[in-house]
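**Student:** structural data only, the sequence is not supplied:
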C-alpha cells in the first residue's frame, strides 16, 4: 500500500447517523473512467422529459434532478449520500462542532426534553439552565410528542434570534419561562475528570475539528490535578465517529511513534494509504504538533477503552489500533462495525457528494466491516446485563451495507434469539414506572461499565458478561 493519502477531498470515517471524517479533496476529471453509457443516459433524459410533460401536475426540474442523484447514490450503500444545500450545511456544522443554537446537551425523558448539561459559556449556561431541567415547551409548541431531532431543529435558528423555553425544575417543583438569544455554539466533544486518587476518566463523544485540542487540554488538567495517575479510562461509548485525522491523533497520543494506526484500501491510488502515529499524519498546520504538550506518562499509563454497539468508525479505528498494539484493554460490547471510509467531494458552492472510497484495516490487517471490534473483556451496561443491546442497529443490519469480502453473510440464529428475548424484556420494561426505567449517565457513580473498567485497572475482579452474543464473521486479512 502507498503512504499517507494525498489531500484531494474530505475523507470521512463517521457512523451511519453520526458526524463524518475530514481531510480535504478536490473533484477532478478522471481520464481512466470508462466511456459513459449513452443509451442509458438517453433513457434517463427520456424519463425526465416524460415526467415533466405527462405528470398530473407540474414538477420542479431542479428537484427532479436532485432526487435522481439522491436515488443513484443511496443505492450504493448506507453511508454514501448526495448533499443538497441544507444537508451540506448541516454536515459542515457537524464536522466543525459549530452551530447556532442555545448550547445544551439534551436527551429524552418521559416524552420531554431533559437538559443533560448546558455547554459552558453558552446562552443556556448564562441563562441558568441546570442538568436535569426538563423542557416542556419551545416557544408555543409543546415538547411532548416531538422527536429529539424535531426539538433540536426548533431550538436552533439564526444568530441573534430569540427562543422561549418553558422549564420544569424537578428539585424545586416549579415551572418557569426562559428567553434565550441564539448564538454560535462550539460543542464539547471531550469530557473528563479524576474519579478518585490515581484514576481518571476521559470521554470522547465525537471526533471533530476541535477534539484533539480539547483532548490535550483535558489531559493536561487531569495530570495537573493528579500527576501520578495509576490508570486511565478512555470512554468511546456511543461515539459515532468523525474526522479521520482526529482518530489518528488520539491513537498517537497513547502509542509509540511511527507505528501503524490504520490503513485504507480502495479503487483509487490515493485510497491506498497507511496512517502512522506521527505528526505528519494528523497535524492540520505545518510544523504544529497538537500533541507536543502531552505528558510523557500518557504513553505508558495503564489504559482501558470502553466501547459499545454505538462506537463506530473513527472510534473503532482508535479501539482497533490500541488493541492490536496491546496498548489498552478494550472493554464493553462489540462495536458497530463500520469499516469503510467516505470522501466528500464538493459539487458546487453549496452541494456535495459523500461517497464510500475505501475500506479501512486495523494495524494487524484486519477488516472489521460489518463485524466490529470485539472487546478483550465483555462487560454489560448494568449489573443486570444489557437486555436491550441486541435491538440496537449495527452496520450488519443496514440495508445494502458494504460487504467485508468474507463471503456470503447469513443470519446468526443466536442473535435472532437474543433479539426476541430483548423485545419481550422491552415490553415488560415499558410497564414499569418512569423512575424505574432511567439509564445511568456515562461518568456517574452509577455507571456500571465504568466501575468495571476502574476495577480492571486496579487488578480487581471484573463482572464479565455471560449473555452477550458476538457476531462471528471470519476475519479478512490484508497484507500491508
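**Tutor:** Received, thanks. Every value quoted in this text rests on a predicted model; they were computed, and no experiment measured them.
**Student:** start from the N-terminal end of the stretch 201-350 of the chain and give the strands.
**Tutor:** All strands of the stretch 201-350 of the chain, identified by DSSP state E, counting those that start in this stretch, fall at 231-235, 241-243, 260-265, 273-276, 303-307, 329-332, 340-346.
**Student:** tell me the strands beside the third one, with direction?
**Tutor:** Paired neighbours of strand 260-265 in the sheet (DSSP bridges): strand 273-276 (antiparallel), strand 352-361 (antiparallel).
**Student:** list of residues touching it?
**Tutor:** Here strand 260-265 makes contact (CB atoms under 8 Å, 6 or more residues apart in numbering) with 1, 5, 244, 247-248, 251-252, 255, 271-277, 281, 317, 320-321, 341, 358-363, 365, 478, 480. Glycine gets a C-beta too; all of them are placed from N, C-alpha and C.
**Student:** what remains of those residues if I keep only buried residues?
**Tutor:** 5, 244, 247-248, 251-252, 255, 271-277, 281, 317, 320-321, 341, 358-363 (16 or more other CB atoms under 10 Å).
**Student:** residue 263 - how many residues pack around it?
**Tutor:** For residue 263, the count of nearby residues is 21 (other CB atoms under 10 Å).
**Student:** please report the distance of it from residue 307.
**Tutor:** The gap separating residue 263 from residue 307 is 21 Å, by CB to CB, to the nearest Å.
**Student:** residue 102 now?
**Tutor:** Residue 102 is 31 Å from residue 307, by CB to CB.
**Student:** the two: which is more packed in?
**Tutor:** More crowded of residue 102 and residue 307, by other CB under 10 Å: residue 307, with 31 against 27.
**Student:** shouldn't that one be in contact with residue 333?
**Tutor:** Yes - shown here, residue 307 and residue 333 form a contact pair, counting by CB atoms under 8 Å, at 6.8 Å.
**Student:** find residues that contact each of those two.
**Tutor:** residue 375.
**Student:** could you measure from residue 300 over to residue 346?
**Tutor:** Taken as CB to CB, the span from residue 300 to residue 346 is 43 Å.
**Student:** from the strands of the stretch 201-350 of the chain, which stretch is densest packed?
**Tutor:** With neighbours taken as mean count of other CB atoms under 10 Å, the strands of the stretch 201-350 of the chain reach their highest mean count in strand 241-243, at a mean of 31.
**Student:** quick one: distance of that strand to the chain centre.
**Tutor:** 6 Å (CA atoms, centre = their mean, to the nearest Å).
**Student:** what's the answer for stretch 101-120, then?
**Tutor:** Using CA atoms, centre = their mean, the offset of stretch 101-120 from its chain centre is 19 Å.
**Student:** any idea how far apart the tips of that stretch sit?
**Tutor:** End-to-end distance of stretch 101-120 (CA to CA, to the nearest Å): 13 Å.
**Student:** in that stretch, which residues are buried?
**Tutor:** Buried residues in stretch 101-120, counting neighbours by 16+ other CB under 10 Å, are found at 101-106, 109, 112-115, 117-119.
**Student:** of these, which is the nearest to residue 325?
**Tutor:** Nearest to residue 325 among these: residue 105, at 32.4 Å, using CB to CB.
**Student:** average pLDDT for the helix or strand containing residue 125?
**Tutor:** Residue 125 belongs to helix 123-126 when assigned by DSSP states H and E. Averaged across helix 123-126, the pLDDT comes to 92.
**Student:** tell me which residues of the next helix or strand along the chain from it are tucked away?
**Tutor:** Sequence order places strand 134-138 as the next helix or strand after helix 123-126, per DSSP H and E. The neighbour-count check on strand 134-138 (16+ other CB under 10 Å) flags 134-138 as buried.
**Student:** quick one: the helices in the stretch 201-350 of the chain, in order.
**Tutor:** 211-225, 244-254, 314-324 (DSSP state H, counting those that start in this stretch).
**Student:** could you give the angle of the last one to strand 303-307?
**Tutor:** In this case it means helix 314-324. 140 degrees (axes from the mean of the first three to the mean of the last three CA atoms, to 10 degrees).
**Student:** tilt between helix 314-324 and strand 231-235?
**Tutor:** 150 degrees.
**Student:** next one: the longest one
**Tutor:** Orientation note: helix 211-225 sits at an angle of 150 degrees relative to strand 231-235 (the same axes, to 10 degrees).
**Student:** so what touches helix 211-225?
**Tutor:** Applying CB under 8 Å, 6+ apart, the set of residues contacting helix 211-225 is 97, 188-194, 200, 202, 204, 229, 232, 242-243, 246, 249-250, 253, 282, 290-291, 293-295, 297-298.
**Student:** show me which residues of it are buried.
**Tutor:** 211-212, 214-216, 218-219, 222-223.
**Student:** so which of those is the closest to residue 162?
**Tutor:** residue 214 (29.1 Å).
**Student:** and residue 304, what are its bridge partners?
**Tutor:** residue 233, residue 329.
**Student:** go ahead and confirm it touches residue 328.
**Tutor:** Yes - Residue 304 lies in contact with residue 328 (CB under 8 Å); the separation is 6.3 Å.
**Student:** overlap in contacts, these two.
**Tutor:** Taking CB under 8 Å, 6+ apart as the contact rule, residue 304 and residue 328 both touch residue 234.
**Student:** who are the contact partners of residue 203?
**Tutor:** For residue 203, the contact set (CB under 8 Å, 6+ apart) comprises 190-192, 235-237, 442-443.
**Student:** check contacts around residue 325.
**Tutor:** Residue 325 neighbours (CB under 8 Å, 6+ apart): 255-256, 259, 363.
**Student:** and the furthest pair within these?
**Tutor:** Between any two of the contacts of residue 325 (CB to CB), the greatest distance is 11.6 Å, for 256 and 363.
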